[in-house]
Every structure is written in C-alpha cells, then in structure tokens.
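Enquirer: Show me how the following folds:
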Amino acid sequence: MMAAKTSDENRAEINRLWKIGGWSMEKLGYRFGVTPTTIHMIVDPEYAERRRKAINAARRLRPPPSELAKRRSTPSLAKV
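Expert: Reported below is the predicted structural model:
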C-alpha cells in the first residue's frame, strides 16, 4: 500500500500523534491511508532499518528474472 512516499508533514504528524498516545498503528494507518507496517516504520526507525536489511537480503537470494522465466517455461518432471 506504500506506492507513494509519505510527505514530511504527514510523517511529523504521525510521530506527534504516536508520542501523545491514544492512537494505535491501525488507526493512524487508516487516518493517513497507509498500512500499520508503514506507521511502524515511521515511528520506529530502528525497525525500519531492520526491515530494509531483511528485504534487501531476500532480494539478493532470489534468482534473476531471466532465470525465473526459464523455470516457468520448463515442464516439471513431477507432473509425470
């Protein structure tokens, strides 16, 4: 759901509301049109960094698109 970047003003408002309390990540996400995970990444930069590292590590392990295309076009022996 994070197709567009959250504006600096919205990020500041999210942090302000989170710090005063009474807002869940779900409620903030609904108010600003983003997922609770996006809210978590805004209010907890350490979480955001850990998540980015994990995503980048997973991307390095994934085969390149050309290899995936070959796998899709090759018939599977398991179906025999």
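Enquirer: use CA for all of it now, contacts and neighbours both
Expert: Will do.
Enquirer: ok, longest helix in this protein?
Expert: helix 45-61 (DSSP state H).
Enquirer: buried set for that helix?
Expert: By neighbour count on 16 or more other C-alpha atoms under 10 Å, the buried set for helix 45-61 is residue 48.
Enquirer: One more: stretch 20-30?
Expert: By 16+ other C-alpha under 10 Å, the buried positions in stretch 20-30 come out as 25, 28-29.
Enquirer: Let's have the residues you listed in JSON lines, adding pLDDT and secondary structure.
Expert: Shown next, in JSON lines, are the buried residues of stretch 20-30 (pLDDT from 0 to 100; DSSP: H, G, I helix; E, B strand; the rest coil):
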{"residue": "25", "pLDDT": "96", "secondary structure": "helix"}
{"residue": "28", "pLDDT": "97", "secondary structure": "helix"}
{"residue": "29", "pLDDT": "96", "secondary structure": "helix"}
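Enquirer: Looking at these, which one is closest to residue 67?
Expert: Relative to residue 67, the closest of the buried residues of stretch 20-30 is residue 29; by C-alpha to C-alpha it sits at 37.1 Å.
Enquirer: which residues sit in contact with that closest one?
Expert: Residue 29 is in contact with 35-36, 38-39, counting by C-alpha atoms under 8 Å, 6 or more residues apart in numbering.
Enquirer: Just among these, which is most surrounded?
Expert: The most crowded member of the contacts of residue 29, judged by other C-alpha atoms under 10 Å, is residue 39 (24 neighbours).
Enquirer: okay, that one: pLDDT?
Expert: What the model reports as pLDDT for residue 39 is 96.
Enquirer: now residue 57
Expert: In this model, residue 57 is scored at 91, pLDDT.
Enquirer: again, but for residue 10
Expert: 96.
Enquirer: From residue 67, how far out is it?
Expert: Using C-alpha to C-alpha, to the nearest Å, we find residue 10 at a distance of 40 Å from residue 67.
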